[in-house]
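Participant: Structural data only, the sequence is not supplied:
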């Protein structure tokens, strides 16, 4: 009787089990190949799904903090923002190229992500994200609203562009101020958003406080500053706001005329910021009216302001975006002319803070590049404030060592007042160059003196400590050029003319009084000439 070999049996069993496992794996692979992928649902474009996945990753990194995980506009930072971040679930978008009420196109979404929205906390991502990444974010945003699955947006038809000549602009102004479009009711006669109906607009469909756009500052238009952008806003309106579409009200030509007129109200950009305000010297008294000839000739520079977000009540979207500044001085005083836009003048009588403005200097002239903290200074480096308040339309000098630490100076040497016309404040400030007061900053010729600006809009509930503020710039008093410096110019011209006249006279005198070498004297030459003439006559007669 033979003995069984368990090793052989185990080998056979292992072979059978291995063959079964291989068959199962092959069957699973075959099934996986024929079945839809879990990552790519049936009928889905794999490239589109991959694009959305890329967009989701970028959204989580850059957008989620404001717009929220669910795209509901309720991210951790949203409560500090005005206006609040967009709720993507509704499928409502303000800036688009489609008819009112429609969804935006992919290009609309791409453009907003790339450009951002001026006047809000939505930044432009151009230069941060590539085009591929930007389009991926746009694709992912669309997943928050099912409207994109049902609707196919199409851009509105655009007519041929009208040339922005004087005739077109005049026609646009006629429509703007007339009853055809009634733009003036909201945007005001000068386009600064101070029309008679402007303060009746409370909030838009998104729950945000709404004011008409200041048409004189196109660089803040959320849909873009160009005439083409303006035309498109007139065609489509602004979703969720009182700004309607005029496509069914005006002809295409008239819409272009209005766009040309609005475009003429302001430059697309505020211009390059000059870090130095150059105060020009004036002979005699400084002008006391803002329309004086000396002010008209003075150099003006725009300085941007941003929200005070460093201390106390933080303001992420301030009402006043910038100021225009001019400066003059004479042998005794210095004067500043400042203007800024404020739709609704507020003296504080309705329980709101009054409008206010301040010019900020270091309390002491710094050595080198050292500056006080730009938000009202600090205990080690106080600042000198020239403040104006709409409640009294008066000015005050004070010292500050931080936010809400202003202390009025014992001696007041500042003079000034302001006026608001059609949504624009004009403030004139004047003070002696050297007051002798140790709390006043002295102004020295040929020296760069730090200067900054602070503004607040009472209608928006802003106080001076929570309004708009600038970084440090410099003011420079140009040394006057003595008249004698230029006296040599006409003297040199006159001397040159006299020298030239004497030279010409001298040459002519010599040519009459002396014979050139190899020639006879002038009298003999004349005789010979006469003789030659006689001989010629005789020859002719023969």
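Facilitator: Thanks, I have it. Since this is a predicted model, take the numbers as computed values, not measurements. Numbering: from 1, shown residues only.
Participant: tell me how far the ends of stretch 421-436 are from each other?
Facilitator: 36 Å (Cα to Cα, to the nearest Å).
Participant: Give the buried residues for it.
Facilitator: 423, 424, 425, 426, 427, 428, 429, 430, 431, 432, 433, 435 (16 or more other Cβ atoms under 10 Å). For every residue, glycine as well, the C-beta is placed using N, CA and C.
Participant: okay but the first one is in contact with residue 188, surely?
Facilitator: The one in question is residue 423. Yes - Residue 423 lies in contact with residue 188 (Cβ atoms under 8 Å); the separation is 5.8 Å.
Participant: who touches both of those two?
Facilitator: 194, 343 (Cβ atoms under 8 Å, 6 or more residues apart in numbering).
Participant: can you pull out the strands in the stretch 301-450 of the chain?
Facilitator: 301-304, 306-307, 322-329, 333-341, 356-362, 383-389, 394-400, 407-408, 415-421, 424-432, 448-456 (DSSP state E, counting those that start in this stretch).
Participant: Which of these comes out lowest on mean pLDDT?
Facilitator: Across these, strand 306-307 has the smallest mean pLDDT, namely a mean of 90.
Participant: what's the distance between stretch 432-442 and the middle of its chain?
Facilitator: Here the centre of stretch 432-442 is set off from its chain's centre by 35 Å, with Cα atoms, centre = their mean, to the nearest Å.
Participant: so how far is the first residue of that stretch from its last?
Facilitator: 9 Å.
Participant: And the most centrally placed residue in the chain, how close does it get to residue 226?
Facilitator: Residue closest to the average C-alpha location in the chain (Cα atoms, centre = their mean): residue 219, at 4.6 Å. Using Cβ to Cβ, to the nearest Å, we find residue 219 at a distance of 11 Å from residue 226.
Participant: Give the residues shared as contacts by the two.
Facilitator: In contact with both residue 219 and residue 226: residue 268, using Cβ under 8 Å, 6+ apart.
Participant: Please spell out the segments of the stretch 401-542 of the chain that come in under the pLDDT threshold.
Facilitator: Counting by pLDDT under 70, the low-confidence segments of the stretch 401-542 of the chain come to 481-492, 494-495, 502, 504-505, 507, 509, 511-542.
Participant: Take the strands of the stretch 301-450 of the chain and write them to CSV, including distance to residue 104.
Facilitator: Listed next are these as CSV, based on distance: least, Cβ to Cβ, whole Å:
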stretch, distance to residue 104
strand 301-304, 29
strand 306-307, 28
strand 322-329, 30
strand 333-341, 30
strand 356-362, 39
strand 383-389, 44
strand 394-400, 47
strand 407-408, 53
strand 415-421, 38
strand 424-432, 34
strand 448-456, 35
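Participant: out of those strands, which comes closest to residue 48?
Facilitator: strand 306-307 (39.3 Å; Cβ to Cβ).
Participant: For that closest one, name the packing helices and strands.
Facilitator: strand 468-469 (3 or more Cβ pairs under 8 Å, 6 or more residues apart in numbering; DSSP states H and E).
Participant: Strand partners (parallel or antiparallel) of the strand it packs on?
Facilitator: Its sheet considered, strand 468-469 pairs with strand 306-307 (antiparallel), strand 448-456 (antiparallel) by DSSP bridges.
Participant: Residues touching that strand, excluding its own?
Facilitator: 305-308, 315, 318-321, 374-375, 452-456, 462.
Participant: Now the element after it, going C-ward?
Facilitator: strand 473-477 (DSSP states H and E).
Participant: Domain-wise, how is this protein divided?
Facilitator: Domain assignment for the chain by automatic domain parsing gives 47-150, 166-263, 278-477.
Participant: can I get those domains in JSON lines with distance to residue 500?
Facilitator: Shown next, in JSON lines, are the domains of the chain (distance: least, Cβ to Cβ, whole Å):
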{"stretch": "domain 47-150", "distance to residue 500": "61"}
{"stretch": "domain 166-263", "distance to residue 500": "48"}
{"stretch": "domain 278-477", "distance to residue 500": "35"}
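Participant: What ranges does the chain have for its helices?
Facilitator: Along the chain, the stretches classed as helices by DSSP state H are 6-34, 46-58, 64-67, 106-115, 131-141, 147-150, 166-177, 184-187, 227-236, 252-263, 293-297, 484-513, 522-541.
Participant: Measure how buried the closest residue in space to residue 429 that isn't next to it in sequence is and give me the count.
Facilitator: Using Cβ to Cβ, 6 or more residues apart in numbering and skipping residues adjacent in sequence, the residue nearest residue 429 is residue 416, 4.1 Å away. Neighbours of residue 416 under the rule other Cβ atoms under 10 Å: 21.
Participant: Just list the residues touching residue 416, thanks.
Facilitator: 386, 388, 394, 395, 427, 428, 429, 430.
Participant: still on that earlier bit, how about the strands of the stretch 301-450 of the chain, which one is nearest residue 508?
Facilitator: Nearest of those (Cβ to Cβ): strand 322-329, 54.1 Å.
Participant: who does the closest one pair up with?
Facilitator: strand 276-281 (parallel), strand 301-304 (antiparallel), strand 333-341 (antiparallel).
Participant: ranking these by burial, who's on top?
Facilitator: Ranked by mean neighbour count, these are led by strand 333-341 with a mean of 21 (mean count of other Cβ atoms under 10 Å).
Participant: Hey, what's the angle from it to strand 473-477? Just curious.
Facilitator: Taking axes from the mean of the first three to the mean of the last three Cα atoms, to 10 degrees, one finds that strand 333-341 is oriented at 140 degrees with respect to strand 473-477.
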